[in-house]
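In: Below are the sequence and a predicted model; questions follow.
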Amino acid sequence: MKTQFPLFTVLLLVSLASLSADEQRELVLVAGQSNAVGYDAYANELPADAGDKEVMFWWRVGDPPPDDFDVTSGRKWTHLQPQPKGTPMSKLEATAARSGRQYGNFAKPEGGFGPEMGFAREWRAKGGKPLAIVKAAFSGTGMRTDWNPADAGPAGACYRALVGETKAAMAAAKDKGITLRLRALLWVQGESDANAADAANYERNLGAMLAALRKDLDAPELVALIAVNTRFGNDKNPFMPKVIAAQQALAAKDKLCVYVDTAGAETLLPGRTHFTAAGTLEVGRRFAEVLAKRGWEK
């Protein structure tokens, strides 16, 4: 004997089923300076991958401070892709504005990409959950001068941009019925702190930023995967070992922080300032491998 349900009950069950079927994704943040931007990871050297269209992507990249010259996704979600160079402030405009900190978003007219590409592709290869990525990265930036959460002025502008873009992206996803679970920060930065004034304070400054980020995003369990181009300065910068040691020390103290070694990832000769396209993909893959070991790929 078949059970008959009133029409109202049937409609209610269908409605509840649709609510429970709302899409859920893991949210990963990508931030830092030029090797997070992907300054010398040229878009025309990126192998095609149809799976990129399955990854939600929201980005803002440029020079310090964040401004209208940045390249963005238009404050909306799209799919994973290289980012265009856009029209960054020219050197002449920078001089007129009394700002010497304009590097251009990418080295080539066709734009470029950061470690988000290698990360997302490796994550999918490992059977990871559906993914969303928010990227907020700015070339030539330092902890004291740009990522200071305690500074309400220019020295905290990049930090505020990261928080603001993340909150806006999460709200936009919610409006689409997509729930984002904030999982990790992929951080590639430290080259600008490899100097006499900042290297000694790097561990403290990065630790303070991570603590503030977890608080401001209401994500106390946010994992931070931290990395730097270990060959910055063509192996001649005497402060790079101090920055590397600072990242390692912070990872040893913070159970939610993991140092990701980039040694061996290809860098662009002759200066080795930036990772190449192949090197950038490799760094991204290493991030995914580390995160997968925590069991989040299933």
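Out: That came in fine, so what should we check first? Owing to the predicted nature of the structure, the values given are computational and were not obtained by experimental measurement. Numbers count the residues shown, from 1 in each chain.
In: ok, residue 66 touching residue 161?
Out: Yes: judged on Cβ atoms under 8 Å, residue 66 makes contact with residue 161 at a distance of 4.2 Å. Placement of C-beta: from N, CA and C, glycine included.
In: where in the stretch 51-200 of the chain is pLDDT low?
Out: 97-100 (pLDDT under 70).
In: now the strands for this structure?
Out: Secondary structure of the chain (DSSP state E): strands at 23-32, 56-62, 71-72, 78-79, 131-138, 178-188, 223-227, 257-259.
In: want to throw these into JSON lines with distance to residue 38?
Out: Formatted as JSON lines, the strands of the chain follow (distance: least, Cβ to Cβ, whole Å):
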{"stretch": "strand 23-32", "distance to residue 38": "10"}
{"stretch": "strand 56-62", "distance to residue 38": "8"}
{"stretch": "strand 71-72", "distance to residue 38": "11"}
{"stretch": "strand 78-79", "distance to residue 38": "17"}
{"stretch": "strand 131-138", "distance to residue 38": "8"}
{"stretch": "strand 178-188", "distance to residue 38": "9"}
{"stretch": "strand 223-227", "distance to residue 38": "13"}
{"stretch": "strand 257-259", "distance to residue 38": "21"}
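In: looking at these, which is buried most?
Out: Comparing the strands of the chain on average neighbours per residue, with mean count of other Cβ atoms under 10 Å, the densest one is strand 131-138 at a mean of 27.
In: okay, the angle between that strand and strand 23-32?
Out: Per axes from the mean of the first three to the mean of the last three Cα atoms, to 10 degrees, the angle that strand 131-138 makes with strand 23-32 is 20 degrees.
In: which neighbours does strand 131-138 have in its sheet, and in what orientation?
Out: strand 23-32 (parallel), strand 56-62 (parallel) (DSSP bridges).
In: Need the nearest residue in space to residue 65, chain neighbours excluded.
Out: residue 157 (4.1 Å; Cβ to Cβ, 6 or more residues apart in numbering).
In: which residues does the one you found contact?
Out: 64, 65, 66, 146 (Cβ atoms under 8 Å, 6 or more residues apart in numbering).
In: What of residue 262?
Out: By Cβ under 8 Å, 6+ apart, the contact list for residue 262 reads 227, 228, 229, 230, 275, 279, 282, 283, 286.
In: related to what we said a few turns ago, shared neighbours of residue 66 and residue 161, anything?
Out: Taking Cβ under 8 Å, 6+ apart as the contact rule, residue 66 and residue 161 both touch 60, 136, 138.
In: Reformat those residues as TSV; add distance to residue 253.
Out: Listed next are the shared contacts of residue 66 and residue 161 as TSV, based on distance: Cβ to Cβ, whole Å:
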residue	distance to residue 253
60	30
136	25
138	27
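In: returning to what we had before: which one of the strands of the chain lies nearest to residue 94?
Out: When these are compared by Cβ to Cβ, strand 56-62 sits nearest residue 94, at 12.4 Å.
In: all helices in the chain, in order from the N-terminus.
Out: 7-20, 34-37, 91-96, 116-125, 143-146, 157-175, 202-216, 240-253, 277-292 (DSSP state H).
In: Now tabulate the ones you listed in TSV and tack on distance to residue 194.
Out: What follows is the helices of the chain, written out as TSV (distance: least, Cβ to Cβ, whole Å):
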stretch	distance to residue 194
helix 7-20	50
helix 34-37	13
helix 91-96	23
helix 116-125	24
helix 143-146	11
helix 157-175	18
helix 202-216	9
helix 240-253	5
helix 277-292	18
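In: Return the most buried member of these.
Out: Mean neighbour count (mean count of other Cβ under 10 Å) peaks for helix 34-37 among the helices of the chain, with a mean of 30.
In: helices or strands up against that helix?
Out: Judged by 3 or more Cβ pairs under 8 Å, 6 or more residues apart in numbering; DSSP states H and E, helix 34-37 is in contact with strand 131-138, strand 178-188.
In: Tabulate those strands (a markdown table), appending distance to residue 89.
Out: Shown next, in a markdown table, are the helices and strands packed on helix 34-37 (distance: least, Cβ to Cβ, whole Å):
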| stretch | distance to residue 89 |
| --- | --- |
| strand 131-138 | 13 |
| strand 178-188 | 23 |
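In: Which member of the contacts of residue 262 is positioned nearest residue 84?
Out: Proximity of those to residue 84 (Cβ to Cβ) peaks at residue 275, which lies at 19.4 Å.
In: tell me the contacts of that closest one?
Out: Contacts of residue 275 by Cβ under 8 Å, 6+ apart are 35, 38, 40, 41, 229, 262, 265, 266, 267, 268, 282, 283.
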